[in-house]
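Chemist: got a predicted structure here, sequence first:
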Amino acid sequence: MGIKLGSIIPARPVEIAQLRGQRLAVDGYNLLYQFLASIRQRDGMPLADAHGHTTSHLSGLLFRLSALAAEGLRFCLIFDGKPHALKKRVLDERRDRKIKAQAEWEAALAAGDLVKARTKAQQTSRLTPEMVAEAQELLDALGLPWVTAPSEGEAQAAAMMAAGVVDAAVSQDFDTLLFGAPRLLRNLTVSGRRKLPGRQAWVEVNPEELTLAGAIEATQLSHEQLVDMAILMGTDFNPGIHGIGPKKGLKLLRELGSAEAALAKLGHKVDNLDELRQLFLNHPSVEFAPTWGEPRRGRVMELLCERHGFSRARVGTALEKFTQPPPPMGQQATLGDF
DNA sequence: CGAATCCA
DNA sequence: TGGATTCGG
């Protein structure tokens, strides 16, 4: 899930139109998980085909990527590889939360509380290897490149940006910046206003851009010091110091300059400090230069329509968006322009 | 979630 | 017509 850095790192809103022509490295699990959690029916069940196989992730992937491809954005998906042994604690916690949510979902359904049921159902979301494999098959059929990282996908995306083969990383997690990605896009969706499942409430979710340079300027900390601050707060690889969040973490690093100094002052010890630092500053990655191709209509139709019962008309409309030229730059044409 | 549809 | 609601699989 990553680190809570939203309060101390500046974000600037970006328009989709400003991203035309850019190559974006998307955190694949992050994206599929969001679809799996959010594309659900009122009782909380995900979309499924006639055989009961979940299709929310495929629906989300096709319609999100086609809508953004129509705006001229190009995507490369990055999937996590083998998690580091130190991530076990986080993964175990995640699994336990899902088991608990499963029971609460069933209880809410039995009590007839559909709103609560949906919320709990979302928390049970689990991406299976089959779902990931089918999403990758869809990407192949769409002509979109993807790569599996040796370990953390966010580090792979950062390395690809450094190599100049993509222009930005797309993820909800701030960790991407700690892995050294110069530029991170969050909330990259099509529509702005989003209704909360509860009741009469909406939230604005607009795409925003964060940069490592912006984080460094705002905090007056180096990249290495930002990593030290995160280690004090707790990361996916270490539990952190109880009571240290973004505010105190920033203050400590500003005043003392390093995790060692901060730990000494707090009377705490982190045995594997250097190993933790290296996980962010020198994470393994592979060389990968993405290339983009045309969608193979037959393959997409076979996968989505024949195998999973998607509407041929809806899939056809989505496919056209990959080949249609993007609208011209600048403000949208209105009737007044004619 | 995005697309399609509904309706003041 | 566009904001709210429902559908999709």
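Modeler: Nice, thanks for sending it over. Treat the numbers as computed from the prediction; the structure is a model and nothing was measured.
Chemist: after the lowest-mean-pLDDT helix or strand in chain A, which helix or strand is next?
Modeler: Every helix and strand in chain A was compared by mean pLDDT, DSSP states H and E; the lowest is strand A:193-195, with a mean of 69. Remark: after strand A:193-195, the chain's next helix or strand is strand A:202-204, criterion DSSP states H and E.
Chemist: as a check, name the ranges of all helices in the stretch 151-300 of chain A.
Modeler: A:153-162, A:175-178, A:212-219, A:223-233, A:246-256, A:259-266, A:273-281, A:297-301 (DSSP state H, counting those that start in this stretch).
Chemist: how is chain A divided into domains?
Modeler: Using automatic domain parsing, the domains assigned to chain A come out as A:1-7+A:15-219, A:222-282.
Chemist: please produce a markdown table containing these, extended by distance to residue A:324 and mean neighbour count.
Modeler: To be clear about C-beta, it is placed using only N, CA and C from the backbone, and glycine gets the same treatment. Output for those, formatted as a markdown table (distance: least, CB to CB, whole Å; neighbours: other CB atoms under 10 Å):
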| stretch | distance to residue A:324 | mean neighbour count |
| --- | --- | --- |
| domain A:1-7+A:15-219 | 6 | 18 |
| domain A:222-282 | 40 | 17 |
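Chemist: so which of the helices of the stretch 151-300 of chain A is nearest DNA strand C?
Modeler: helix A:297-301 (11.8 Å; CB to the nearest atom of the strand).
Chemist: so which other helices or strands are in contact with that closest one?
Modeler: If you count contacts as 3 or more CB pairs under 8 Å, 6 or more residues apart in numbering; DSSP states H and E, helix A:297-301 packs onto helix A:129-142, helix A:312-323.
Chemist: ok, that helix near DNA strand B or not?
Modeler: No. Helix A:297-301 lies apart from DNA strand B when judged by CB under 7 Å from any atom of the strand; the minimum separation is 15.0 Å.
Chemist: still on that earlier bit, mind putting the helices of the stretch 151-300 of chain A in a markdown table, mean pLDDT and distance to DNA strand C included?
Modeler: Output for the helices of the stretch 151-300 of chain A, formatted as a markdown table (pLDDT from 0 to 100; distance: least, CB to the nearest atom of the strand, whole Å):
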| stretch | mean pLDDT | distance to DNA strand C |
| --- | --- | --- |
| helix A:153-162 | 98 | 25 |
| helix A:175-178 | 97 | 27 |
| helix A:212-219 | 98 | 31 |
| helix A:223-233 | 98 | 35 |
| helix A:246-256 | 98 | 33 |
| helix A:259-266 | 98 | 45 |
| helix A:273-281 | 98 | 36 |
| helix A:297-301 | 98 | 12 |
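Chemist: in chain A, where's the longest helix?
Modeler: If you go by DSSP state H, chain A has its longest helix at helix A:88-110.
Chemist: what is the subsequent helix or strand relative to it?
Modeler: Toward the C-terminus from helix A:88-110 - assigned by DSSP H and E - lies helix A:114-123.
Chemist: neighbouring contacts of that following helix?
Modeler: When contacts are defined by CB atoms under 8 Å, 6 or more residues apart in numbering, helix A:114-123 is touched by residues A:37-38, A:40, A:42-45, A:97-98, A:101-102, A:104-105, A:108-109, A:197-199.
Chemist: do stretch A:73-80 and DNA strand B meet at all?
Modeler: No. Judged by CB under 7 Å from any atom of the strand, stretch A:73-80 makes no contact with DNA strand B; its nearest approach is 12.1 Å.
Chemist: thinking again about what came up before, make CSV from the domains of chain A and add distance to residue A:291 to it.
Modeler: What follows is those, written out as CSV (distance: least, CB to CB, whole Å):
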stretch, distance to residue A:291
domain A:1-7+A:15-219, 6
domain A:222-282, 28
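Chemist: one step back: quick check: which of the helices and strands packed on helix A:297-301 is nearest to DNA strand C?
Modeler: helix A:312-323 (4.9 Å).
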